[in-house]
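Enquirer: My questions are about this predicted structure, shown below with the sequence.
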Amino acid sequence: MKLIHFGVIACFGLLLLNSPLSAQTKSPFSFEEYEHNFGEVYENGGMVSTKFYFKNTGDQPLFISNVNVSCGCTEPSYSKDTLKPGEKSYITARFDPTGRPGSFDKALTVTFNNNPGFTAHLKIKGMVISVGQPQKGKYAFLYGNTSLSNTTFDFGIIQQDKEYVATIRISNDGYNRVQFLGFQNLPSYFKVSYPDFLNSGDTGVITLKTTKADLKDFWGEFSFRLIMLSNDYLMSQKVLYVKGKTVQDFSHLSKKELANAPVIKAETTSLKFGKLKLGGTVSKTITITNKGKSNLEIRNIHYPCYCFKGEIDKTVIPPGESATLTLTFDSIGQHEGKLIRGVMIYSNDPKNPEFGVYGEVEIYKD
């Protein structure tokens, strides 16, 4: 049975566009993420670290033979154990921000099985905040010499055919003029305006606009990461976020259209997965049935946590027919104890366009 994968993600540079379908390429290894953004770290705050989790997805034993780094400020560590097919491990990357104010972007090259063809390219990035920056800003979020009223453009629910606007106020709290140079990799479905510069003490507004038509390929919750460029010597790149939710407006449907609409039904919306050993995975399947009179379209399955994912075997379900939804818990990176997570199914059922299915698992160690 061929499964169609759904998911969200949300960032630029590393941007998962909440696409309803994704393709996978067979590889002897698979990382959960290939890039990690530390965000803001303080120069005098000590080393920071992250773990890159990976799995042996091939049919032969797999081991790490070497990890090269692009800078002495980055320190990798990893197990030299050999992984059998299906087993998992991780690489720890530590970064020392001391004496490195400003943005950083460092690479790690991982070679498996002494084979140059088995190479993974990882990256860590972020912004080192220098000591001596302004201690207080006009607004709540201090970003270098500027402060922001918020760090997220929140569009809320995007449903009607109109323009949606989100704003963030910005203040220059330093002593020098700050010039703004635009946004890095701004997608075409957003239109942005901002002040060209702010003198010391001045304030301005950053405005982001979009429409439902611009986001026609998005269903459900979405989130993105934007980078605003400036000549601010304390923080030239200011990381901002965008979020919202796109849903269909069914308010115009007549009684006849509603009577002939699709109806989504699941055999259950709450599953008990029992106990799961830390590091393992467990899956269950349920049946999704169309009880209506026209085709049911599964537009997206949104899972906020990679630890609980949903996959469905078909996206168009004719009246009276069913599809199989596979739900999987992955305990890598989780803690011991009870874990309750959910996925949200977005469809064209006008009475239930957002349909939640939840799972509960108890994670334990040896």
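Expert: That came through fine.
Enquirer: What is the three-state secondary structure of residue 248?
Expert: Three states are possible here, and by DSSP: H, G, I helix; E, B strand; the rest coil the one that applies to residue 248 is coil.
Enquirer: Name the nearest residue to it, ignoring sequence neighbours.
Expert: Beyond its immediate neighbours in the sequence, the residue positioned closest to residue 248 (C-beta to C-beta, 6 or more residues apart in numbering) is residue 353, lying 6.1 Å away. From N, CA and C alone the C-beta is placed, and that goes for glycine too.
Enquirer: my read: the one you found touches residue 250, true?
Expert: Yes. Distance between residue 353 and residue 250: 7.1 Å, which falls inside the contact criterion (C-beta atoms under 8 Å).
Enquirer: Those two: which has the busier surroundings?
Expert: A side-by-side neighbour count of residue 353 and residue 250, using other C-beta atoms under 10 Å, places residue 353 first with 19 against 15.
Enquirer: who's in contact with the helix or strand hosting residue 258?
Expert: Residue 258 is located in helix 255-259, with elements delineated by DSSP states H and E. With contact meaning C-beta atoms under 8 Å, 6 or more residues apart in numbering, helix 255-259 is reached by 250, 293, 350, 351.
Enquirer: tell me which of those is nearest to residue 359?
Expert: Sorting these by how near they are to residue 359, with C-beta to C-beta, puts residue 351 at the top with 24.0 Å.
Enquirer: And residue 46, how close does it get to residue 211?
Expert: Going from residue 46 to residue 211 by C-beta to C-beta, to the nearest Å gives 45 Å.
Enquirer: Spatially nearest residue to residue 184, not counting backbone neighbours?
Expert: With C-beta to C-beta, 6+ apart, the residue lying closest to residue 184 is residue 227, at 4.1 Å.
Enquirer: The one you found - how many residues pack around it?
Expert: Using other C-beta under 10 Å as the criterion, the residues surrounding residue 227 number 19.
Enquirer: One more: residue 52?
Expert: Counted with other C-beta under 10 Å, residues neighbouring residue 52 total 23.
Enquirer: Okay, and the beta partners of it?
Expert: residue 91 (DSSP bridges).
Enquirer: Identify the residues contacting it.
Expert: Remark: with contacts taken as C-beta under 8 Å, 6+ apart, residue 52 is in contact with 31, 32, 33, 34, 36, 90, 91, 92, 93, 108, 122.
Enquirer: Secondary structure element holding the third one?
Expert: Read it as residue 33. In the assignment (DSSP H and E), residue 33 maps to no helix and no strand.
Enquirer: Relative to residue 346, how far out is it?
Expert: Taking C-beta to C-beta as the criterion, residue 33 is separated from residue 346 by 24 Å.
Enquirer: for the first one, same thing?
Expert: From residue 31 across to residue 346, the span is 28 Å (C-beta to C-beta).
Enquirer: who's more crowded, the two?
Expert: Each of residue 31 and residue 346 had its neighbours counted (other C-beta under 10 Å), and the higher figure belongs to residue 346 (24 against 17).
Enquirer: residue contacts, that one?
Expert: So residue 346 contacts 219, 220, 247, 298, 299, 300, 301, 302, 353, 354, 355 (C-beta under 8 Å, 6+ apart).
Enquirer: Buried only: go through those for me.
Expert: Neighbour-count burial (16 or more other C-beta atoms under 10 Å) applied to the contacts of residue 346 gives 219, 220, 247, 298, 299, 300, 301, 302, 353, 355.
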